[in-house]
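# Sequence below, structure please.
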Amino acid sequence: MLSVEHVTKKYGSFTALEDISLTFTPGVFGLLAPNGAGKTTLIKMLTTLLFPTSGQILWNGEDIHALDEAYRGLLGYLPQEFGYYPHYSPRQFLRYAAALQCVPRREAEERIESLLKLVGLEDAAGKKMRQFSGGMLQRVGIAQAMINDPQLLILDEPTAGLDPRERVRFRNLIHSLAAERTVILSTHIVSDIETIAGQIVMFRDHRLYCCDSPASIRSRFQGKVFEVPAGAALEPGQFLLSERQGERGPILRLLCDAPPADGVPVSPGLEDAFLAIYREGAA
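Residues are numbered from 1 along each chain as shown. Okay, here's the model as predicted:
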């Protein structure tokens, strides 16, 4: 179990995160917030790349900085941009990653072949990575994060720049990886985590806004989301969430406390909740 206890991180006079307390257990946790909200700062503290200004982070009751290499040995990490050697093949790169993690050679070879199959790269295992698409490189990145069979897997914006097909592949992969470990996934792309995260962590004003299930977060806006035909001017208290094309033309999706004229109530989605929470002037 990973516990964040009253953690604050400051950079000079700027407070990036303030008094954050969270508990991460096995399963998928999504860190969902706009860019600049503090997701990467928390990720870097969880991976010991940054130290909290105050508070502590514990693994099974012990400070992660005191555990030092013992903690890093059970951690798998994929940063937003992971470093790799373009002239290496995935198999060569994973051997290199295994050596850095001190994984025994025979165990490493078995693990590498299993991971290449898991991420769908067995047919490209011998090709130079300079030939790879962004999605293929991300799959190599996930494989290197898994090389030590970590109990805690942390992924920072892993789907940025991926096409829709690669993002679906990624979500399916995370499903398979989360069965026996804690996965913390940072993103600002709502669809990436709506179907796979059991708990979603949101920050606002540099503080913890919520750590709750997607269903619970959506329910906060039940009875407040409506669809209306496009064309009417927004009235005070109405917030435009999105627009889509209907059979008879554009349809607006609104957030408001009272039903608008010609409004049809609809069930709020997580994207509706995200836009409502982080609407202009709310954060």
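# where along the stretch 51-200 of the chain do the strands fall?
54-59, 62-63, 75-78, 152-156, 182-187, 199-204 (DSSP state E, counting those that start in this stretch).
# Now do the fourth one against strand 182-187, angle only.
Angle of strand 152-156 versus strand 182-187, following axes from the mean of the first three to the mean of the last three CA atoms, to 10 degrees, is 0 degrees.
# average pLDDT for strand 152-156?
Average pLDDT, strand 152-156: 93.
# Check what contacts it and list those residues.
Residues from elsewhere that reach strand 152-156 (CB atoms under 8 Å, 6 or more residues apart in numbering): 2, 24, 39-40, 43, 46-47, 59, 74-80, 142, 145-146, 174, 177, 181-186. Where you see a C-beta, it was placed from the backbone N, CA and C, and this is true even at glycine.
# so where does residue 21 fall, helix or strand?
Per DSSP states H and E: residue 21 is located in strand 14-24.
# Residues contacting that strand, please?
So strand 14-24 is contacted by 1-10, 38, 41-42, 55, 152, 182, 184, 201, 203, 206-208, 211 (CB under 8 Å, 6+ apart).
# From those residues, list the buried ones, please.
2-4, 7-9, 38, 41-42, 55, 152, 182, 184, 201, 203, 206, 208, 211 (16 or more other CB atoms under 10 Å).
# Filter the contacts of strand 152-156 down to the buried ones and hand me the PyMOL line.
Of these, the buried ones go into a single PyMOL selection, burial set by 16+ other CB under 10 Å:
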select buried, resi 2+24+39+40+43+46+47+59+75+76+77+78+79+142+145+146+174+177+181+182+183+184+185+186
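# Okay, residue 189 and residue 172: tell me how far apart.
16 Å (CB to CB, to the nearest Å).
# before we move on, back to that, now the helix or strand following the strand holding residue 21 against strand 199-204, angle please.
Remark: after strand 14-24, the chain's next helix or strand is strand 27-32, criterion DSSP H and E. Interaxial angle, strand 27-32 versus strand 199-204 (the same axes, to 10 degrees): 20 degrees.
# CA-only coordinates of strand 27-32, as PDB, when you get a sec.
C-alpha atoms of strand 27-32 as PDB (Å, rounded to 0.1, in the frame of the first residue of the first chain):
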ATOM      1  CA  GLY A  27      -6.100  -1.600  -8.900                       C
ATOM      2  CA  VAL A  28      -6.000   1.400 -11.300                       C
ATOM      3  CA  PHE A  29      -5.900   4.900 -10.100                       C
ATOM      4  CA  GLY A  30      -6.300   7.700 -12.600                       C
ATOM      5  CA  LEU A  31      -4.800  11.100 -11.900                       C
ATOM      6  CA  LEU A  32      -7.000  13.400 -14.000                       C
END
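# buried set for it?
28-32.
# Burial check on the closest residue to residue 97 other than its chain neighbours, number of neighbours?
Closest residue in space to residue 97, ignoring its immediate chain neighbours: residue 144 at 4.3 Å, by CB to CB, 6 or more residues apart in numbering. Residues near residue 144, counting by other CB atoms under 10 Å, number 24.
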